[in-house]
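Q: Next come a sequence and a model predicted from it.
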Amino acid sequence: MIKIDALCFLLLIQFLVILLVSAVYLFLKNRMYRALNLKTLKELAEAKNTIKESEMLKAEGHKQRLEVEEVQEVKATEELHVPQGMGEAVDEDRYIEILRERDALITKVKEFEDELQEKTKLLDKIQKKYEGKEEEYANLEKEYLILYRRQQEQGLS
């Protein structure tokens, strides 16, 4: 039989108690950091989504600006052909149709401008929200680094 000295047995029990306490401590600490990490990842995903949305809105706004410019170019290049000569009869229906088309183009341009203003306002709101989230993320990242360094220092001590 193996004889175990009482002092060795006592040291073995103390070592097991220390291991058990440290395992429980590390388990609880890990749960706290896991929750913090999940929260940070969630906020990061939200920030990325807002960035993508703002980029999409910028692209849509740019496309609408191009469409408005094209409509304005068409309007500018459209010429009104007036019959030349004394004996020709003026077709009033044709002129009324041209005026209606011109009015329709003007209303389309106004609608495009209104949509563009709404989307620029929305884009400004999103940018302000993103800037706020960016600051919050930077602060959260600093706090996380401080906590991580403290944990490393405590682990080394």
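A: Nice, thanks for sending it over. Residues are numbered from 1 along each chain as shown.

Q: Excluding covalently adjacent residues, which one is nearest to Q151?
A: K29 (7.5 Å; CB to CB, 6 or more residues apart in numbering). Just so you know, the C-beta spots here come from the backbone N, C-alpha and C atoms, and that holds for glycine as well.

Q: The one you found: neighbour count?
A: Residues near K29, counting by other CB atoms under 10 Å, number 12.

Q: Adjust the sequence numbering to begin at 45 for everything that follows.
A: In the new count, where the first residue is 45, that last one comes out as K73.

Q: That one: which element?
A: helix 50-121 (DSSP states H and E).

Q: Quick check: mean pLDDT of the helix or strand just after that helix?
A: Next along the chain after helix 50-121, taking DSSP H and E as the criterion, comes helix 136-200. When pLDDT is averaged over helix 136-200, the result is 87.

Q: just stretch 50-64 next, same as before
A: On average, stretch 50-64 scores 93.

Q: cool, and stretch 74-82?
A: Computed over stretch 74-82, the average pLDDT equals 83.

Q: Now K47: which helix or strand?
A: Using DSSP H and E, K47 falls outside every helix and strand.

Q: which residues does it contact?
A: Listed by CB atoms under 8 Å, 6 or more residues apart in numbering, the contact set of K47 is empty.

Q: how close does the residue nearest to Q195 get to S66?
A: Applying CB to CB, to the nearest Å, the value for K73 to S66 is 10 Å.

Q: The most centrally placed residue in the chain and Y77, how far apart?
A: Central residue of the chain (CA atoms, centre = their mean): T94, 1.3 Å from the mean position. Per CB to CB, T94 is found 26 Å from Y77.

Q: cool, and L54?
A: In this view, L54 and Y77 are 35 Å apart by CB to CB.

Q: And for D147?
A: Distance from D147 to Y77, by CB to CB: 65 Å.

Q: A91 now?
A: As judged by CB to CB, A91 and Y77 stand 21 Å apart.

Q: more crowded one of those two?
A: Just comparing A91 and Y77: by other CB under 10 Å the higher neighbour count belongs to A91, 16 against 13.
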